[in-house]
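[1] Fold the following.
(chains A and B)
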Amino acid sequence: DQQVKQNSPSLSVQEGRISILNCDYTNSMFDYFLWYKKYPAEGPTFLISISSIKDKNEDGRFTVFLNKSAKHLSLHIVPSQPGDSAVYFCAASARGTYKYIFGTGTRLKVLA
Amino acid sequence: DTEVTQTPKHLVMGMTNKKSLKCEQHMGHRAMYWYKQKAKKPPELMFVYSYEKLSINESVPSRFSPECPNSSLLNLHLHALQPEDSALYLCASSQARLAGAYGGQFFGPGTRLTVL
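    So this is what the prediction gives:
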């Protein structure tokens, strides 16, 4: 039972354009969502998070949007840069637990 | 200091060896985690320690033995591993969500383990 899904395994975007990565979840108890960036053979790097009391959180080039009714979140990267090329994971957590449930990841390739 | 450190970076061991992986954080986080990650897969939770007590064991085989000596350190003791245990082992830490705290879960760089 995949509670957190990233339905696009890969995405290619031209440098300078917007990258939009999507994530869907099924568990209505999730109240905290995170995005990570991962390079091969390295640990995931925490990028940005959002709690369920918000619908948008912005940090520099990264913005996360949360649509609770649709159980959907997205990460926008503007403008995209070649150094953004990596695998992006979304993760979700429910209050009162220690588990962070990860999606399957989306490989982003930013073309110069 | 927002860093989680892990040693060693690489480890090669035979199936009869005993080795340990080490993890350290100084962010005051009271939850620490071990994950296993295979290529092209998301991190897979193994263990969670909260306030130095084991809170979650995701049915991990006993050849993996975690230990949390204090709030900053987390070890993973390895014994009689199998070749299929070869993977990237990641340590992470976070605020204790049981208390409702928010905050990112921060990962170390990982230990690349190869079992021959």
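
[2] Please count neighbours and contacts with C-alpha atoms only from this point.
    Noted.

[3] just for the chain, where's the confidence low?
    Picking chain A for this. A:1 (pLDDT under 70).

[4] look at chain B instead
    Across chain B, the ranges flagged by pLDDT under 70 are B:1-2, B:97-103.

[5] most centrally placed residue in it?
    By C-alpha atoms, centre = their mean, chain B has its centre lying nearest to B:W34, at 2.6 Å.

[6] any idea whether that residue is helix, strand or coil?
    Secondary structure assignment for B:W34 (DSSP: H, G, I helix; E, B strand; the rest coil): strand.

[7] give the contact list for it.
    Counting by C-alpha atoms under 8 Å, 6 or more residues apart in numbering or on different chains, B:W34 makes contact with B:L45, B:M46, B:F47, B:V48, B:L76, B:Y89, B:L90, B:C91, B:A92.

[8] Run through the residues that contact the residue nearest to it when sequence neighbours are not counted.
    In this structure, B:W34 finds its nearest non-sequential neighbour in B:C91, 4.7 Å apart by C-alpha to C-alpha, 6 or more residues apart in numbering or on different chains. For B:C91, the contacting residues are B:V4, B:Q6, B:C23, B:M32, B:Y33, B:W34, B:Y35, B:F107, B:G108, B:G110, by C-alpha under 8 Å, 6+ apart.

[9] any idea which element B:C91 lies in?
    Assigned by DSSP states H and E, B:C91 belongs to strand B:87-94.

[10] immediately after that strand, which helix or strand?
    Taking DSSP H and E, what comes next after strand B:87-94 is strand B:106-107.

[11] Is there any residue in that next one that contacts chain A?
    Yes. Contact of strand B:106-107 with chain A is found when judged by C-alpha under 8 Å from any C-alpha of the partner chain, involving B:F106, B:F107.

[12] Can you list the helices and strands that that strand packs against?
    Judged by 3 or more C-alpha pairs under 8 Å, 6 or more residues apart in numbering or on different chains; DSSP states H and E, strand B:106-107 is in contact with strand A:45-51, strand B:87-94.

[13] is it true that B:F47 touches B:K36?
    No. Counting by C-alpha atoms under 8 Å, B:F47 does not reach B:K36; the two are 9.8 Å apart.

[14] For those two, indicate the residue with more neighbours.
    B:F47 (24 against 21; other C-alpha atoms under 10 Å in any protein chain shown).

[15] which non-adjacent residue is nearest the more buried one?
    B:N57 (4.7 Å).

[16] The one you found contacts B:V48, doesn't it?
    Yes. With contacts counted by C-alpha under 8 Å, B:N57 reaches B:V48, the gap being 6.8 Å.

[17] give the contact list for the residue nearest to A:S10 when sequence neighbours are not counted.
    Counting by C-alpha to C-alpha, 6+ apart, A:R107 is the residue found nearest to A:S10 once chain neighbours are left out, at 4.4 Å. Going by C-alpha under 8 Å, 6+ apart, A:R107 touches A:P9, A:S10, A:L11, A:S85, A:A86, A:V87, A:Y88.

[18] Doesn't A:R107 lie inside a strand?
    Yes. Under three-state DSSP, A:R107 falls within a strand.

[19] Now do the same contact list for the closest residue to B:G108 other than its chain neighbours.
    Leaving aside its sequence neighbours, B:G108 sits nearest to B:V4 (C-alpha to C-alpha, 6+ apart; 4.6 Å). Residues near B:V4 by C-alpha under 8 Å, 6+ apart: B:C23, B:E24, B:Q25, B:H26, B:C91, B:A92, B:S93, B:F106, B:F107, B:G108, B:P109.
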